[in-house]
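*Asks:* here is a sequence together with a model predicted from it:
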Amino acid sequence: MLTAYDYPSARIAELGGADIILVGDSAAMTVLGYSSTREISADELIMLARAARRGAHDTLILGDLPFGTYETSDAQALGTARRFLREAGCDAVKLEGAGPLLSRVRAIVADGIPVVGHVGLLPQSVTNARDYRAKGRDAEQALAIIHDAVELEIAGCSALVIEAVPAQIAGIITRRVHIPVIGIGAGASASGQVLVYHDLLGFTEGRVPRFVKPYATARDTLVHAVQEWSADVRARRFPSVEHTYPIADDVLADVMARLEAPHSNSKLDT
């Protein structure tokens, strides 16, 4: 599973062999420049999901339900989920948490919409940057995460994302449930893995999370390309003849002759 938020990133994800594309609320920070995932709206994320759908015709598209669009009631959650399928063409939706949100899962699943759960670190619940840390490192928290995972399967989830937990806890969950478990910062024992597109390709500025392995240095490559272009434009090396459209000599001569004729349109005079 790889995140994607627009047409070109979805094309790359599909061509690169991703089985699932997650149009994640991480777009809040990676694409829209917000400070947290809590700030992106359903309208914004649905617009991005629509673009991703146009870029990936043959890959399952999973839409993140944004913060504040499903927590209030089953009816609210179902309405938002329907929008992601109807307006964006998503195949399934994802939401964070369990407990009182199990009712939301059941309502959406009852409507025939596949749901992916999310346990461990829940970014939508983080209000302080210092709280972006691994979960389940003490016994009580680990047991609570395992319990939530099992309850989400019972509620009808088709798969689970498990984020930033010790690999051993993710392994216990993977063995205890009968649905795919997609890990991010949860070790290699999960059924599959998910990464943020911008992290994987090296777009991210500053420190990346411990669980990220950049497979490219796209940001450096693109900055260098723009620097070269800027220098070429300022030095008048670009555009060169090969980058311009030609005109036949006789046509140009005709244009100049007409401009110089006594009755030429003054607006065209040079």
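*Replies:* Alright, I've got the coordinates.
*Asks:* which residues of this protein fall in strands?
*Replies:* Remark: strands assigned in the chain by DSSP state E are 2-3, 20-23, 60-64, 92-94, 115-120, 159-163, 181-184, 192-193.
*Asks:* sheet partners, orientation included, of the fifth one?
*Replies:* Using DSSP bridges, strand 115-120 pairs in its sheet with strand 92-94 (parallel), strand 159-163 (parallel).
*Asks:* contacts for that strand?
*Replies:* 62, 81, 92-98, 105, 108-109, 135-136, 145, 148-149, 152-153, 155-165, 173, 182, 186 (Cβ atoms under 8 Å, 6 or more residues apart in numbering). Glycine gets a C-beta too; all of them are placed from N, C-alpha and C.
*Asks:* what subset of these is buried?
*Replies:* When the contacts of strand 115-120 are checked for burial by 16 or more other Cβ atoms under 10 Å, the buried set is 62, 81, 92-98, 105, 108-109, 135-136, 145, 148-149, 152-153, 155-157, 159-165, 173, 182, 186.
*Asks:* excluding sequence neighbours, find me the nearest residue to residue 103.
*Replies:* Leaving aside its sequence neighbours, residue 103 sits nearest to residue 74 (Cβ to Cβ, 6 or more residues apart in numbering; 5.6 Å).
*Asks:* number of residues surrounding the one you found?
*Replies:* 17 (other Cβ atoms under 10 Å).
*Asks:* same question for residue 154.
*Replies:* 12.
*Asks:* list the contacts for it?
*Replies:* By Cβ under 8 Å, 6+ apart, residue 154 has no neighbours at all.
*Asks:* in stretch 195-212, what counts as buried?
*Replies:* 195-204, 209, 211-212.
*Asks:* and stretch 35-47, by the same measure?
*Replies:* Of the residues in stretch 35-47, those buried (16+ other Cβ under 10 Å) are 36-40, 42, 44-47.
*Asks:* so where's the chain uncertain?
*Replies:* 264-270 (pLDDT under 70).
*Asks:* helices of that one, residue ranges please.
*Replies:* For the chain, the helices defined by DSSP state H cover 7-15, 27-30, 42-55, 74-86, 102-110, 139-155, 167-176, 197-200, 218-234, 249-260.
*Asks:* make TSV out of those helices and add distance to residue 121.
*Replies:* Putting the helices of the chain into TSV (distance: least, Cβ to Cβ, whole Å) gives the following:
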stretch	distance to residue 121
helix 7-15	23
helix 27-30	15
helix 42-55	20
helix 74-86	21
helix 102-110	19
helix 139-155	10
helix 167-176	12
helix 197-200	15
helix 218-234	25
helix 249-260	65
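*Asks:* which of these sits closest to residue 191?
*Replies:* Taking Cβ to Cβ, helix 167-176 is the member of the helices of the chain nearest to residue 191, at 6.2 Å.
*Asks:* please state the offset of that closest one from the chain centre?
*Replies:* Here the centre of helix 167-176 is set off from its chain's centre by 26 Å, with Cα atoms, centre = their mean, to the nearest Å.
*Asks:* please apply the same query to stretch 160-177.
*Replies:* 22 Å.
*Asks:* want to throw the buried residues of stretch 35-47 into TSV with distance to residue 252?
*Replies:* Shown next, in TSV, are those (distance: Cβ to Cβ, whole Å):
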residue	distance to residue 252
36	58
37	57
38	60
39	55
40	53
42	55
44	49
45	52
46	51
47	46
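*Asks:* list just the nearest of these to residue 69.
*Replies:* Nearest to residue 69 among the buried residues of stretch 35-47, with distances taken as Cβ to Cβ, is residue 42, at 4.8 Å.
*Asks:* so what's the nearest residue to that closest one once chain neighbours are set aside up against?
*Replies:* Distances taken as Cβ to Cβ, 6+ apart place residue 69 nearest to residue 42, at 4.8 Å, with adjacent residues excluded. If you count contacts by Cβ under 8 Å, 6+ apart, residue 69 has them with 42, 76-77, 80.
*Asks:* likewise for residue 251?
*Replies:* Taking Cβ under 8 Å, 6+ apart as the definition, residue 251 has no contacts.
*Asks:* mind checking the strands of the chain for the one nearest to residue 30?
*Replies:* strand 2-3 (7.8 Å).
*Asks:* so what does that closest one touch, helix or strand wise?
*Replies:* Strand 2-3 sits against strand 20-23, helix 197-200, with contacts defined as 3 or more Cβ pairs under 8 Å, 6 or more residues apart in numbering; DSSP states H and E.
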